[in-house]
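In: Let's see this in three dimensions:
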Amino acid sequence: MNAQECLSPKKIWVLVAIGVIISVAAIACTHEVRYIVSGSMDGDDQPYDIKTIPIYSLVMIKDVDGKDMLDEFEVGDVIAFHYSGVVVVHRVIAIDPVAGTITAHGDARSEGDVQEVTSDMVVGKVTGVAPLLGQVVHFVKSSPIILIAMIAVLIVAAYAVSDIVRIYRKG
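Out: Okay, the predicted model is just below:
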């Protein structure tokens, strides 16, 4: 078997797909992924690592134990927390070590609209934002035909991978 047969375009695409799947799985094991459905963080860019979070984005949330929240968060970080039965994603605007609370605010919300976050409310810290992937999720959620097509593509991809593995083992 020569190098050209070993690295055919089909095999390269399969290897890339496997790499993407492994990367996504690794992120999923260490982070929770959430879909943003409100525009409360879709304001002007902020001077922090996470500048803004457009509506319909996906966010990666690193789990944070609420007991450690005062050590884990800084002003400007984006925090995920339970509030009125839902998970809210807002920016940390103040930390009160005496009261043991964090004040959070949505970048696009009015100035007086803040939440006091206590340790029992904390879900984690937002470490990444994927607006494009969120748009794909939004599109798929709004179009069941696309979902069916994506499932068909995944089935074909799985068949191709099994075919390559079978050929490789015979080889």
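In: Helices along the chain, start to end?
Out: 3-6, 9-30, 69-72, 131-142, 144-170 (DSSP state H).
In: Take those and lay them out in JSON lines including mean neighbour count and distance to D107.
Out: Using the backbone N, CA and C atoms, a C-beta is placed for each residue, glycine as well. Formatted as JSON lines, the helices of the chain follow (neighbours: other CB atoms under 10 Å; distance: least, CB to CB, whole Å):
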{"stretch": "helix 3-6", "mean neighbour count": "8", "distance to D107": "50"}
{"stretch": "helix 9-30", "mean neighbour count": "11", "distance to D107": "24"}
{"stretch": "helix 69-72", "mean neighbour count": "16", "distance to D107": "20"}
{"stretch": "helix 131-142", "mean neighbour count": "14", "distance to D107": "14"}
{"stretch": "helix 144-170", "mean neighbour count": "11", "distance to D107": "31"}
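In: For G43, find the nearest of the ones you listed.
Out: G43 lies closest, by CB to CB, to one member of the helices of the chain: helix 131-142, at 14.2 Å.
In: returning to what we had before: mean pLDDT and distance to P47 added to the helices of the chain, as CSV?
Out: Shown next, in CSV, are the helices of the chain (pLDDT from 0 to 100; distance: least, CB to CB, whole Å):
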stretch, mean pLDDT, distance to P47
helix 3-6, 56, 49
helix 9-30, 73, 26
helix 69-72, 91, 20
helix 131-142, 82, 19
helix 144-170, 83, 37
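In: how about those helices, which one is nearest I53?
Out: helix 131-142 (8.0 Å).
In: now for the closest one, which elements pack on it?
Out: strand 31-35, strand 58-63, helix 144-170 (3 or more CB pairs under 8 Å, 6 or more residues apart in numbering; DSSP states H and E).
In: still on that earlier bit, of all the helices of the chain, which one is nearest I102?
Out: helix 69-72 (6.3 Å).
In: Restricting to C-alpha, output the closest one in CSV.
Out: Provided in CSV are the C-alpha atoms of helix 69-72 (Å, rounded to 0.1, in the frame of the first residue of the first chain):
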residue,chain,number,x,y,z
MET,A,69,-17.8,31.1,43.6
LEU,A,70,-16.0,34.0,45.3
ASP,A,71,-12.7,32.6,44.3
GLU,A,72,-13.7,31.5,40.8
